[in-house]
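>>> heads up, no residue letters with this:
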DNA sequence: GTCTATATTTCGATAGAC
DNA sequence: GTCTATCGAAATATAGAC
């Protein structure tokens, strides 16, 4: 294909097809999240992308640099998603229900990069720096955001006073952990996708019920 | 040192010092849980053990076999601990409080192998088979055990009826997840050990309160 | 930009002396 | 059982033609 500044000269149209660089990046993300930084092979990434191995070095110089590009992209996506689904609804009850719903939908679609990110962060805490930096450039960590949200809801007497750190740990744990353990187990016990989906939808209700019952204030209701 | 069937001939005493094999195994566990199967280097394990690299092959033939020995040991320890701390107390309230307490104590001591195990299980689901096999040889999975425990407590009207799978996911998530995310974060934000310990002890109470309030039956109390 | 061929390094594994 | 020396495979990275 003849390319010129992102335009496909042959067809005279803006290129919608992925550039070689983008193809490689996508393939690298697939392989890295599956095998990890150390287990991934440049050859496997090239095969996954359907390009010559040498091109990975042409575009990204080294495995190390390619890895960092992939991780930055993942962190960018994760942080943006969390920030986006945090900005929901006025009443705390609605906020909580919506947050759990969207958060779990996001996790279901991206559970592959979950364990990967946690593992790489344990080996190299530089990743944690990147995540925290990205959050603060977006206006604050989820902890900061939720603390403000809780403070407001308490004043409005929607919920009882709760410690933000405890609440964040509760919701993060309940939302995220199943997507770390269940996928490996599911592939062993032959849990079908549809049964998995049903389980996930039930979890949404269960998590909301558990957390909301714990903090809500009943105004005149039994 | 002159050795003969586990006896130290020079001193005429049973050997309390670790054998070379045991020293290697311990070092391997340290390095594998820190760097993962792919990131670990035989040389680094040898250095950690303070022995010649060649001895690793003498005792374990290959990196693959050494890795599997380490993983089997870890799984053995994890399963035994879970089974052990599950067999506690008659009343469900006491059982729950004690389980959370001991489970979290165990996790605090062994959080290094947590992310490692979850990561390796994601890459190679053979590990899941090993875990499930070990559990069934010990009388059943935690899910089986808790289902029976719940059934009994419901009959005694100590708790309302609950779905075992939901309850297991709730308690596992709340107990385990913090030990996956917090250690990397703690090392970045300079959270001291004592403050971490305080946080953990508060978590125990918070988790028990949250779960118990959700399932208990109030007999005549407000 | 893309290919083939090759350089360079790292690492698991073995041989053989003691 | 333990050591030194070394092999051979793999994997990252580069050279140079097209």
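Okay, I see it. All values reported here derive from a predicted model rather than from experimental measurement. Numbering: from 1, shown residues only, chains lettered A, B, ... in the order given.
>>> how about whichever strand or helix holds residue A:146: buried residues?
Element membership for residue A:146 (DSSP states H and E) is helix A:142-155. Buried residues in helix A:142-155, defined by neighbour count with 16 or more other CB atoms under 10 Å in any protein chain shown: A:142, A:145-147, A:149-150, A:153-154. All C-beta atoms are positioned from the backbone trio N, CA, C, and that covers glycine.
>>> what does chain A have sitting close to DNA strand D?
A:40-43, A:53-54, A:57, A:61-64 (CB under 7 Å from any atom of the strand).
>>> wait, which of those is closest to residue B:205?
Nearest to residue B:205 among the residues of chain A next to DNA strand D is residue A:40, at 42.4 Å by CB to CB.
>>> that older thread, any residue of the helix holding residue A:146 touching chain B?
No: using CB under 8 Å from any CB of the partner chain, helix A:142-155 stays clear of chain B, coming no nearer than 10.4 Å.
>>> packing partners for that helix?
Helix A:142-155 sits against helix A:63-86, helix A:92-109, helix A:164-176, with contacts defined as 3 or more CB pairs under 8 Å, 6 or more residues apart in numbering or on different chains; DSSP states H and E.
>>> contact partners of the longest one?
Spelled out, it's helix A:63-86. Under the contact criterion CB atoms under 8 Å, 6 or more residues apart in numbering or on different chains, helix A:63-86 has outside partners A:24-25, A:28-29, A:32-33, A:37, A:40, A:42, A:45, A:56, A:60, A:98-99, A:102-103, A:106, A:110, A:113, A:117, A:120, A:127, A:130-131, A:134-135, A:138-139, A:142, A:145-146.
>>> Just want the angle from that helix to helix A:164-176.
Interaxial angle of helix A:63-86 relative to helix A:164-176 (axes from the mean of the first three to the mean of the last three CA atoms, to 10 degrees): 110 degrees.
>>> tilt between helix A:63-86 and helix A:92-109?
Put simply, helix A:63-86 runs at 150 degrees to helix A:92-109, going by the same axes, to 10 degrees.
>>> How far off centre is helix A:63-86?
Centre-to-centre, helix A:63-86 and its host chain are 8 Å apart (CA atoms, centre = their mean, to the nearest Å).
>>> so that helix versus helix A:142-155, what angle?
Going by the same axes, to 10 degrees, helix A:63-86 makes 10 degrees with helix A:142-155.
>>> Same question for the second one.
Taking the same axes, to 10 degrees, one finds helix A:92-109 and helix A:142-155 inclined to each other by 160 degrees.
>>> helices or strands up against helix A:92-109?
helix A:63-86, helix A:142-155, helix A:164-176, helix A:193-215.
>>> Quick one: residues in contact with the shortest one.
Residues outside helix A:164-176 that contact it (CB under 8 Å, 6+ apart): A:99-100, A:103-104, A:107, A:114, A:142-143, A:146-147, A:150, A:207, A:210-211, A:215, B:169-170, B:173-174, B:176-178, B:181, B:199, B:202-203, B:206, B:210.
>>> Now restrict the residues you listed to buried residues only.
A:99-100, A:103-104, A:107, A:114, A:142, A:146-147, A:150, A:207, A:210-211, A:215, B:169-170, B:173-174, B:176-178, B:181, B:199, B:203, B:206, B:210.
>>> Out of the helices and strands packed on helix A:142-155, flag the one nearest DNA strand C.
helix A:63-86 (11.8 Å; CB to the nearest atom of the strand).
>>> can you give me the mean pLDDT across that closest one?
Averaging pLDDT along helix A:63-86 gives 97.
>>> Check which residues of that helix are buried.
Applying 16+ other CB under 10 Å to helix A:63-86 flags A:63, A:66-71, A:74-75, A:78-79, A:81-83, A:85-86 as buried.
>>> State the distance from the residue positioned nearest the centre of chain A to residue A:133.
With distances taken as CA atoms, centre = their mean, residue A:78 lies nearest the centre of chain A, 3.8 Å away. Distance from residue A:78 to residue A:133, counting by CB to CB, to the nearest Å: 13 Å.
>>> Ok, residue A:178 next?
From residue A:178 to residue A:133 the distance is 28 Å (CB to CB).
>>> number of nearby residues for residue A:218?
7 (other CB atoms under 10 Å in any protein chain shown).
>>> In a strand, it, correct?
No: the assignment for residue A:218, made by DSSP: H, G, I helix; E, B strand; the rest coil, is coil rather than a strand.
>>> which residue does chain A bring closest to DNA strand C?
residue A:52 (2.9 Å).
>>> Give me the number of neighbouring residues for that residue.
Neighbour tally, residue A:52, other CB under 10 Å: 10.
>>> unless I'm mixing things up, it is touching residue A:46, no?
Yes: Residue A:52 is within contact range of residue A:46, at 6.4 Å (criterion: CB atoms under 8 Å).
>>> possible to save the residues of chain A next to DNA strand D as CSV with secondary structure?
Putting the residues of chain A next to DNA strand D into CSV (three-state DSSP) gives the following:
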residue, secondary structure
A:40, coil
A:41, coil
A:42, helix
A:43, helix
A:53, helix
A:54, helix
A:57, helix
A:61, coil
A:62, coil
A:63, helix
A:64, helix
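>>> just the residues you listed now: which is nearest residue A:94?
Closest to residue A:94, out of all of those and judged by CB to CB, is residue A:40, at 42.0 Å.
>>> residues contacting the closest one?
A:28, A:31-32, A:34, A:63, A:67.
>>> Please apply the same query to residue A:126.
Neighbours of residue A:126 in contact, by CB under 8 Å, 6+ apart: none.
>>> Can I get the buried residues of helix A:142-155 in TSV including distance to residue B:93 and pLDDT?
Formatted as TSV, these follow (distance: CB to CB, whole Å; pLDDT from 0 to 100):
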residue	distance to residue B:93	pLDDT
A:142	32	96
A:145	35	94
A:146	30	95
A:147	31	97
A:149	32	96
A:150	28	97
A:153	30	97
A:154	29	97
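>>> about what we covered before: for the helices and strands packed on helix A:92-109, which one sits closest to residue B:19?
Closest among those, using CB to CB: helix A:63-86, at 38.9 Å.
>>> Looking at the helix or strand where residue A:136 lies now, give me its mean pLDDT.
Taking DSSP H and E as the definition, one finds residue A:136 inside helix A:126-137. Helix A:126-137 shows a mean pLDDT of 97.
>>> what comes up buried for it?
For helix A:126-137, by 16+ other CB under 10 Å, it's A:127-128, A:130-131, A:134-135.
>>> Ok, stretch A:83-97 next?
So for stretch A:83-97, counting by 16+ other CB under 10 Å, buried means A:83, A:85-86, A:92-93, A:95-97.
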